[in-house]
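Student: Just the structure for this:
(one chain, ligands or ions: 1)
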Amino acid sequence: MQNATSNVKSAWLTTNRSCNNNCEWCYAQNEKMRNSNMDFEKAKQMIDYLAKEGISKIVLIGGEPTIYNHFVDIIKYIRNKGICASVATNGRKFADLQFAKNTVEAGISSINISLKASSEEDYVKYTKKNGLSEMLKGYQNLCSIGFKPVISYVIVDDNKDEFEKVINLIENNKIEDVIFQFVKPVIELQKSSEIMDIKKMGQFVNYIYKRLKDVKFNYVLEVSFPLCLIDRDILDNLINEKKILTCCHIQKGAGIIFDTDFKVLPCNHFAGFPFDNKAFDPNKDTISALWCSNNVKKFRQKAQCYPSKVCKSCEIWNICGGGCFTRWLYINPNDYISHTNI
Ligand SMILES: C[S@@+](CC[C@H](N)C(=O)[O-])C[C@H]1O[C@@H](n2cnc3c(N)ncnc32)[C@H](O)[C@@H]1O
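Tutor: Have a look, this model is predicted:
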């Protein structure tokens, strides 16, 4: 197994679990956690520790980080330590131009705004809130003050047919950089077999690649399933054009995620399922010691297992990693993975 101790370059701080949306397939929908907030004084101590550890990027995540009471102050604090500060947000709060200005002036390094739907009607369907026009206004506000956010869009079974409308929206709003992400299982909904059949996901990548051949915006695909489900010639093009990202950082131990109470999560999608029930104390604990603990080692070993024995001899295993391994808790990898594409 790889030694991950020195691999950690990024940390995620879950500032709050409250959200101004209520997305159907969100991984963070545990009602019990809904009102939890990160204590700002403790967050500062954590940032001091992460700076000492040489972490180069901190991502603020939630819930919806822009509604955290200390949102602007925490960005300033991170930047003062010389660390890049990013945020994953639905972008609605940036419809307030002054708020957008405050965020940019605080020194935010990158903003990833998730687009939930291509019409207000669908936005309500997926998030139970009216938010599309606010989100688009937020995007335009940030652009008007010289800050270009990246837009992300999660593809699930239910919204595949709206893809054409999404492309129109991206083009009409002159959005330049887009990440299309494929949905991952929602662990909290234990039944959560699939919100999208992964064979269909593979075929949909084939379609997307052909459809987006001549578009003016830049895009990457963040794929959460085995790459052999994509046609090999298209996959090769996507790899050569650097348009494909695989999503599991647990395997490499490249990131550390703190929940609102400073318990460490294996990844964002493990909301409510920390490595252990003890909060990380930056005055006593270290990432290296945590990474060497039995819980984390065992967990990473599981994440690094080949889902199918054919993966062992696959030449692109290092790029692929099998996708989100939590999927195999619900479905049998051997029904999906075959050598035929490789
Ligand atoms: C949980 S949200 C938190 C930040 C913010 N509230 C937002 O909506 O972007 C972080 C990102 O994860 C995405 N996401 C949520 N559930 C997901 C799932 N099951 N699979 C893949 N991405 C998911 C969201 O669309 C969003 O881009």
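
Student: What are the boundaries of the helices in the stretch 1-150 of the chain?
Tutor: 40-52, 71-80, 97-106, 120-127, 132-144 (DSSP state H, counting those that start in this stretch).

Student: Of those helices, give the one that comes closest to the ligand.
Tutor: Closest of the helices of the stretch 1-150 of the chain to the ligand is helix 120-127, at 8.2 Å (criterion: C-beta to the nearest ligand atom). Using the backbone N, CA and C atoms, a C-beta is placed for each residue, glycine as well.

Student: Packing partners of the closest one?
Tutor: helix 132-144 (3 or more C-beta pairs under 8 Å, 6 or more residues apart in numbering; DSSP states H and E).

Student: relative to helix 120-127, how tilted is the helix it packs on?
Tutor: 100 degrees (axes from the mean of the first three to the mean of the last three C-alpha atoms, to 10 degrees).

Student: is the ligand contacted by the following helix or strand past helix 132-144?
Tutor: Following helix 132-144 in sequence order, the next helix or strand is strand 150-155 (DSSP states H and E). Yes: figure legend: strand 150-155 in contact with the ligand (C-beta under 6 Å from any ligand atom); contacting residues 152, 154.

Student: Please apply the same query to stretch 114-128.
Tutor: Yes: applying C-beta under 6 Å from any ligand atom, one finds stretch 114-128 touching the ligand at residue 114.

Student: buried sites along that stretch?
Tutor: Within stretch 114-128, the residues that count as buried by 16 or more other C-beta atoms under 10 Å are 114-118, 122-123, 126-127.

Student: now stretch 280-294
Tutor: Within stretch 280-294, judged by 16+ other C-beta under 10 Å, the buried ones are 280, 282, 285, 287, 290-291.

Student: pLDDT score for the residue nearest to residue 305 when sequence neighbours are not counted?
Tutor: Once flanking residues are discounted, residue 305 sits nearest to residue 325: 7.3 Å by C-beta to C-beta, 6 or more residues apart in numbering. Residue 325 carries a pLDDT value of 87.

Student: Is it correct that residue 325 is in contact with residue 301?
Tutor: No: counting by C-beta atoms under 8 Å, residue 325 does not reach residue 301; the two are 11.0 Å apart.

Student: ok, the residue of the stretch 101-250 of the chain found nearest the ligand - contacts?
Tutor: Relative to the ligand, the nearest point of the stretch 101-250 of the chain is residue 114 (3.3 Å; C-beta to the nearest ligand atom). Counting by C-beta atoms under 8 Å, 6 or more residues apart in numbering, residue 114 touches 88-91, 151-154.

Student: Quick one: those as JSON lines, columns for neighbour count and pLDDT too.
Tutor: Putting the contacts of residue 114 into JSON lines (neighbours: other C-beta atoms under 10 Å; pLDDT from 0 to 100) gives the following:
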{"residue": "88", "neighbour count": "20", "pLDDT": "98"}
{"residue": "89", "neighbour count": "24", "pLDDT": "98"}
{"residue": "90", "neighbour count": "27", "pLDDT": "98"}
{"residue": "91", "neighbour count": "28", "pLDDT": "98"}
{"residue": "151", "neighbour count": "25", "pLDDT": "98"}
{"residue": "152", "neighbour count": "17", "pLDDT": "98"}
{"residue": "153", "neighbour count": "22", "pLDDT": "98"}
{"residue": "154", "neighbour count": "22", "pLDDT": "95"}
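
Student: correct me, but residue 23 touches residue 125?
Tutor: No: judged on C-beta under 8 Å, residue 23 makes no contact with residue 125 at a distance of 10.5 Å.

Student: Surely residue 113 touches residue 150?
Tutor: Yes: here residue 113 reaches residue 150: they are 7.3 Å apart, a contact under C-beta under 8 Å.

Student: Of the two, give the one with the bigger neighbour count.
Tutor: residue 113 (23 against 18; other C-beta atoms under 10 Å).

Student: So the more buried one versus residue 260, what's the distance?
Tutor: Taking C-beta to C-beta, to the nearest Å as the measure, residue 113 falls 22 Å from residue 260.

Student: So residue 322 sits against residue 309, correct?
Tutor: No: at 12.0 Å, residue 322 and residue 309 do not qualify as touching, with contact defined as C-beta under 8 Å.

Student: Of these two, which one has the most company?
Tutor: residue 322 (26 against 10).

Student: how about the more buried one, what does it touch?
Tutor: By C-beta under 8 Å, 6+ apart, the residues touching residue 322 are 226, 248, 306-307, 311, 328, 333, 337.

Student: State the pLDDT value of it.
Tutor: With respect to pLDDT, residue 322 has a value of 92.

Student: Can you classify it by secondary structure?
Tutor: coil (DSSP: H, G, I helix; E, B strand; the rest coil).

Student: Tally up the residues packed near residue 320, please.
Tutor: Neighbours around residue 320, by other C-beta under 10 Å: 23.
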